[in-house]
Each structure stands twice: as C-alpha cells, then as structure tokens.
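Asks: what would the 3D arrangement of this be:
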Amino acid sequence: MELNLSPKFAQKIFEGEGGTYYSWSSSEYESLKEAKVGGGRLVLQPRGFAFPHYADSNKIGYVLQGSSGVVGMVYPKASQETVLKIKAGDIIPVPTRAISWWYNDGDSELIVLFLGETSKAYVPGEFTYFLLAGTLGILGGFSTEFHSRAYNLNNEEVEKLAKSQAGVLLIKLGEGQKMPQPCKNSTDKMVYDIGAASPDFHVQNAGLLTVLTEKKFPFIGEVGLSAILVKLEGNAMSSPIYTADSSVGVIYVAKGSGRIQVVGINGASVLDTELKAGHLCVVPRFFVASTIADGEGMEYLSMLTTTQPLFGEFIGETSVWGALSPKVIQASLNLTPEFEQVFRARIKKITILVPPHD
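Replies: Sure, this is the predicted structure:
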C-alpha cells in the first residue's frame, strides 16, 4: 500500500484587495482524497468581506490570527441570520447546511483555517463552495425571465440585482460601510475558545494538550468532528498515539517547527520528516503518530473525523503496554521478567507529553 503522507503547504486560489483564499489540492496531495478530508485557509484584510456561501462539506474554522472577526450564519428555514464574533484561538463549526459570510472588523489580518470531512464532496479531498453573490454567484446562472418571475422584478431591476456586484469571492468594503453586530449569547453557544480553555494535559517543560469534543462543546456535534490543540515547548515530544475508533486525523502546524514520525501497516515507517508552520499532514486511521518540537517549540491543531475520539496510548497509566499482563509482554517482546518490570515501571512514569532530556 503506497502512501505519500508528506506534509504540504496550501496553494493560493484567489487574491484580491479584500484578502486571499488558499486550499490544499487533492490532486497534489492524494492522501486528502483517500482519507476524504480537506483544508483551506482564509486571509481577510481589514474590512475584507467574504461573500455569503455554502459548501458541500462539514468543517471547523480555527482562527489563527485576528481579534475582531465577524461571522454571519443562516440555516434553512431560519427567519434571520446569527452573527458571531471570532478571535485568535476560537473554533467555529460550519455545518454543510449553513450559509455563512465572514468579515474582518479589525485593523490587522484575520486568518481562519478550515479543516473538514469530504466524504460527500463533489471532489473528495476538497471543499466546493456555492456563492450567493459576485461574478461566480448563483444569481448569474439564471436567466432574466426566471429572476423576474421568482423575485417579481422587471428586467431593469433584475439587471441591477444580478450584475451590480463585480467582485469574485471576497472584497474590501468602504470605510463607512457597516456590518451587523455580533450577538454575545449566540457566540457563547457556537464559538469555543480552545486557545484559552483549560488543557486536558499540562506537563511542565513539555507543553499543553486540549481535546475538544461534543461533550465539552455540543455545537461541534453538528459537523461530526473534534479537535486537539497541542502546544509543545522546545524539544518536547507528543508520544506515540493512534485513534482506536477508525477516525482520520489532519494536522495543521500553526507555529514553530518540529518532526513527525508515522508508522502504518506491517510496522512500516510511512513518514519521517520535518514539520513547518503552514504544513498540513494526514494521519490515516489506526496509524500511530508522534511529534517532537524543535528548539523554538511547535503548536498544531489536529482535526479528527469523529465527535468522541478514542485513543490508543503506549505510555502512561492507561497505556496498552501497561494493561497487558507481564507474561504476555515477556512472550511478545522476548524479554526477561526483570527487564519487563523495568519497562513497565518506566512507561507508567511518563505522560502523553514528554519533556526534553536533561
């Protein structure tokens, strides 16, 4: 089974005065297509506005940078939109059925990473967007007759409706142009600040690990996904782990750099390479992965295609090795009883995040 899991940088899809959109191509990175996951990155300049749209895939947005992002969402049969405020560290689920728009109300770039599951996508491994406005919007596809009858407009009004907006995907609004204000109650229910949340693991000199599931944040269940934020200090390690529930993992490196090793079928090393900020990496189901940060540390977000991930661990109190009986380990690894005891004692003292050696 030939797999190319080498990390990839995103490719620029569109650039304009209002911002830029990047995507990972499944034709360039076939592991995305095989795993049925995808990724994109939106960069909005101050007053940048991404047109209302919907997509063919459930996904989560993770705000990498910015302090004054605004998101509008409309669900089928809803009488009005829900307006949310987002900032760096926030995660916002974006269900397939939702129409959303994105706006940067701040004075610096707003950068949002999107990771999602693409099993029902038109192009497995990629998101396909359907725009409501702009030169690629659905209004441009219908004839004047259909618009006139659907919206009860005359021909001149139809022309104004369908062709006044010359922008493509995103634009920059004028300085005096105002957008709707966010609702705090809705933001609290639909946005989760994983960057400021209490971590599930905090190991001195090693870092933090925070798992976001449906239990902590019910709204993420709407997209059938979960997320893990890992912040490794310099030369620290995230120990070998695998998903025991057949979910696929997608890693995006937000800051710093390091190294990743992945072991797959028949104990084969399928990946042993550097990770850099901006890299996207796929970890197939049941494969075992481990990372080590460089001296400056490394921060990454991992998306999993399940709402309640189940992990298999090889070190710590709940490790697979610790659960197996001594005789089974001795026979399996051909160890003496004495060394098996040493091995068992060592792994129980180690946590999922491992500080650098002295």
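Asks: quick check, central residue of the chain?
Replies: Centre of the chain computed as the mean C-alpha position; nearest residue by CA atoms, centre = their mean is L115, 3.3 Å away.
Asks: is it part of a helix or strand, or is it coil?
Replies: Per DSSP: H, G, I helix; E, B strand; the rest coil, the secondary structure class of L115 is strand.
Asks: ok, what's across the strand from it?
Replies: The residues paired with L115 through beta bridges, assigned by DSSP bridges, are G39, I60.
Asks: give me the low-pLDDT residue ranges for this protein?
Replies: Across the chain, the ranges flagged by pLDDT under 70 are 1-2, 358.
Asks: was I right about Y252 contacting L301?
Replies: Yes. When contacts are counted by CB atoms under 8 Å, Y252 is listed as touching L301 (5.2 Å). For the C-beta atoms, the positions are set from N, CA and C on the backbone; glycine is no exception.
Asks: helices or strands up against the top helix by length along the chain?
Replies: The longest helix of the chain (DSSP state H) is helix 337-348. Counting contacts by 3 or more CB pairs under 8 Å, 6 or more residues apart in numbering; DSSP states H and E, the secondary-structure elements packed against helix 337-348 are helix 320-323, helix 326-333.
Asks: mean neighbour count, these: which tops it?
Replies: Between the helices and strands packed on helix 337-348, helix 320-323 has the highest mean count of neighbours, a mean of 15, where neighbours are mean count of other CB atoms under 10 Å.
Asks: that one - contacts with which helices or strands?
Replies: helix 337-348.
Asks: how far is the helix it packs on from where the chain is centred?
Replies: The offset between the C-alpha centroid of helix 337-348 and the centroid of the whole chain comes to 38 Å, using CA atoms, centre = their mean, to the nearest Å.
Asks: for it, list every residue counted as buried.
Replies: Buried residues in helix 337-348, counting neighbours by 16 or more other CB atoms under 10 Å, are found at E340, F343, I347.
Asks: separation between the second one and K178?
Replies: Read it as F343. Between F343 and K178 the computed distance is 64 Å (CB to CB, to the nearest Å).
Asks: what's near enough to touch K348?
Replies: Contact partners of K348, counting by CB atoms under 8 Å, 6 or more residues apart in numbering, are G316, E317, S319, G322.
Asks: adding distance to A293, write those residues out as JSON lines.
Replies: What follows is these, written out as JSON lines (distance: CB to CB, whole Å):
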{"residue": "G316", "distance to A293": "19"}
{"residue": "E317", "distance to A293": "24"}
{"residue": "S319", "distance to A293": "22"}
{"residue": "G322", "distance to A293": "25"}
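Asks: quick one: buried ones out of those residues?
Replies: Among the contacts of K348, those classed as buried by 16+ other CB under 10 Å are G316, S319, G322.
Asks: test my guess that the last one contacts I329.
Replies: I take that to be G322. No. Taking CB under 8 Å as the contact criterion, G322 and I329 are not neighbours in contact, 9.5 Å apart.
Asks: joint contacts of these two?
Replies: Here G322 and I329 share the contacting residues R344, scored by CB under 8 Å, 6+ apart.
Asks: can you give me how far the host helix or strand of L84 is from the chain middle?
Replies: Taking DSSP states H and E as the criterion, the element that holds L84 is strand 82-86. Its chain's C-alpha centre lies 19 Å from the corresponding centre of strand 82-86 when counted by CA atoms, centre = their mean.
Asks: give the partner strands of it in its sheet and their orientations.
Replies: Paired strands of strand 82-86, with direction, are strand 69-74 (antiparallel) (DSSP bridges).
Asks: how about residues contacting the partner strand?
Replies: 44, 52, 61, 63, 80-87, 92, 94, 98-106, 110, 112, 179-180, 182, 190.
Asks: looking at these, which are in helices?
Replies: M190.
Asks: hmm, which of the contacts of strand 69-74 are the buried ones?
Replies: With neighbours counted using 16+ other CB under 10 Å, these contain these buried positions: 44, 52, 61, 63, 81-87, 92, 94, 98-106, 110, 112, 182, 190.
Asks: ok so S25 is a helix residue?
Replies: No. Under the criterion used here (three-state DSSP), S25 is coil, not part of a helix.
Asks: what distance do you get for it to G249?
Replies: The spacing between S25 and G249, counted by CB to CB, is 20 Å.
Asks: which one's more surrounded, these two?
Replies: G249 (24 against 17; other CB atoms under 10 Å).
Asks: kind regards, and thank you for your time.
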